[in-house]
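>>> Return a 3D structure for these sequence lines:
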Amino acid sequence: LDLSYTFADNKMAGDNKIVLTTFTLGDEVESENAMSLPLDIAVALLKDVNGVIDLNLQVEGDLDDPSFSVGGIVLKALANLIIKAAAAPFKLLGALVPGMGDDEDIGSLRFAAGEAELLPPEREKLDGLAAALAQRPNLTLSVPAGFAAELDTQALKALAVEALVEAELEGSNSDDQLTERTRKALERIARDQLEDLRLREYRKQFEIVDAETGAESFDEVAYMADLRAQLEAAQVVAEAQLTTLAQARQQAVIDYLLSNETIPQERLLTSEVTEAVVEDERWIKLEMGVEVGELQAVAPAEAVEPAPDTAAVIVP
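The predicted structure follows:
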């Protein structure tokens, strides 16, 4: 303990620097006076690779308050720290990584709708998360498998049509411009899949006559967009495809973390397929979780030398 307290005008300010080495929790004891605190996860979040917990608890109080108690104030500060650590574990983990902003949530990942590819910003998050977890050996990471039914379904339908168009273009030897070849590809697919659509009659909806000159033109862009939209609406996406997409996202995260060779596979847990959060009406957001893993062996107390410059300093 390194304690520093000052008193002025009946106001107390205390700075409690606390270092615990090879600290472990004993068996749970039932008591009416005990606080209900998530101690297991808090200890795992605070304990570094050397088994050291390095805390800085700053407290203040009013000596004129009849309920004033130094012990009560310190206990409340410690309880708040434990609660905050368990409630926002990824914020604490992010603080361990230089360059990670305070507002950056390294516990959530964004995927494009219909896609399972990790985007560069998400890879950077995982790099930081891997570095943080390397400093917290008693934590395991729960990797989610998620999809957003409506948004992912729309995207998978669009991707299905795009794949059909690309297949048509690959088999075409036409010298026409790409736009015209794409239009013809869409029309061939429409003849095959949209049996009730009469293309000649349908095209007339996009013929434009200039009111002043009487000149006729054809809005090919609008025609192709509408035709593509009808084809997308006709595609069928099975629930199994959404499940496969969710599992592919989960596997992409696991594969990337393992490629770092920082976190062993036994510290990565998979969760069941669930409905994901939609962010900004375009991103699929997956929330990761942390759990207490099997406790790792730490050095004997006499061999541990706390390093204040690298240890986590938490101020509630």
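>>> Find the residue ranges of the stretch 151-300 of the chain scoring beneath the pLDDT cut-off.
Across the stretch 151-300 of the chain, the ranges flagged by pLDDT under 70 are 175, 294-300.
>>> Give me the distance between the residue positioned nearest the centre of the chain and E216.
The chain has S108 as the residue nearest its centroid, 1.4 Å off, counting by CA atoms, centre = their mean. Applying CB to CB, to the nearest Å, the value for S108 to E216 is 53 Å. (C-beta placed from N, C-alpha, C; glycine too.)
>>> I'd like to know how many residues surround R136.
Counted with other CB atoms under 10 Å, the neighbours of R136 add up to 22.
>>> what secondary structure does it sit in?
coil (DSSP: H, G, I helix; E, B strand; the rest coil).
>>> Quick one: residues contacting it.
Going by CB atoms under 8 Å, 6 or more residues apart in numbering, R136 touches 44-45, 47-49, 93, 96.
>>> For the residues you listed, which ChimeraX command selects only the ones that are buried?
The ChimeraX command for the buried members of the contacts of R136 (criterion: 16 or more other CB atoms under 10 Å) is given here:
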select :44,45,47,48,93,96
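>>> Please flag which of the contacts of R136 sit within helices.
44-45, 93 (DSSP state H).
>>> Okay, K184 and L96: tell me how far apart.
57 Å.
>>> Would you mark the buried spots in the helix or strand harbouring A79?
A79 belongs to helix 70-87 when elements are defined using DSSP states H and E. Residues 73-74, 76-78, 81-82, 85-86 are the ones in helix 70-87 that count as buried (16+ other CB under 10 Å).
>>> how about those in JSON lines, adding pLDDT and distance to G128?
Formatted as JSON lines, these follow (pLDDT from 0 to 100; distance: CB to CB, whole Å):
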{"residue": "I73", "pLDDT": "86", "distance to G128": "34"}
{"residue": "V74", "pLDDT": "85", "distance to G128": "32"}
{"residue": "K76", "pLDDT": "87", "distance to G128": "32"}
{"residue": "A77", "pLDDT": "88", "distance to G128": "28"}
{"residue": "L78", "pLDDT": "88", "distance to G128": "28"}
{"residue": "L81", "pLDDT": "89", "distance to G128": "22"}
{"residue": "I82", "pLDDT": "90", "distance to G128": "24"}
{"residue": "A85", "pLDDT": "89", "distance to G128": "18"}
{"residue": "A86", "pLDDT": "90", "distance to G128": "20"}
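>>> Redo the residues you listed as CSV? Include distance to L194.
Converted to CSV, the buried residues of helix 70-87 look like this (distance: CB to CB, whole Å):
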residue, distance to L194
I73, 73
V74, 73
K76, 68
A77, 67
L78, 67
L81, 62
I82, 61
A85, 57
A86, 55
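>>> what's the most distant pair in those residues?
Largest separation among these by CB to CB: I73 and A86, giving 20.9 Å.
>>> For the stretch 151-300 of the chain, which segments count as strands?
Using DSSP state E, counting those that start in this stretch, the strands of the stretch 151-300 of the chain run over 207-209, 216-218, 268-275, 277-279, 283-287, 289-292.
>>> Just list what the helix holding A79 packs against, helices and strands only.
strand 11-21, helix 39-46, strand 52-62 (3 or more CB pairs under 8 Å, 6 or more residues apart in numbering; DSSP states H and E).
>>> what's the spacing between L126 and F147?
If you measure L126 against F147 using CB to CB, the figure is 20 Å.
>>> neighbour-wise, which of these two wins?
A direct count of neighbours by other CB under 10 Å for L126 and F147 places F147 higher, at 29 against 22.
>>> so who does the residue of the chain most remote from its centre touch?
Distance to the chain centre peaks in the chain at T213, reaching 57.4 Å (criterion: CA atoms, centre = their mean). Not one residue lies near T213 by CB under 8 Å, 6+ apart.
>>> Now tell me what touches stretch 178-188 from outside.
The contact list for stretch 178-188, computed with CB under 8 Å, 6+ apart, reads 164-165, 168-169, 172, 174, 176, 199, 220, 223-224, 227-228, 231.
>>> Show me what counts as buried in it.
Those would be 181-183, 185-187, for stretch 178-188 by 16+ other CB under 10 Å.
>>> got it, and stretch 88-101?
By neighbour count with 16+ other CB under 10 Å, stretch 88-101 contains the buried residues 89-94, 96-97, 100.
>>> what does stretch 13-27 give?
14, 16, 20-22.
>>> End to end on it, go ahead and measure it.
End-to-end distance of stretch 13-27 (CA to CA, to the nearest Å): 34 Å.
>>> That stretch - what's its average pLDDT?
Here stretch 13-27 scores 89 as its mean pLDDT.
>>> ok, back up a step: spatially, which two of the buried residues of stretch 178-188 are the most separated?
R181 and E187 (10.8 Å).
>>> Which strand residues bridge T270?
On the basis of DSSP bridges, T270 is bridged to V143.
>>> Share the number of residues neighbouring it, please.
14.
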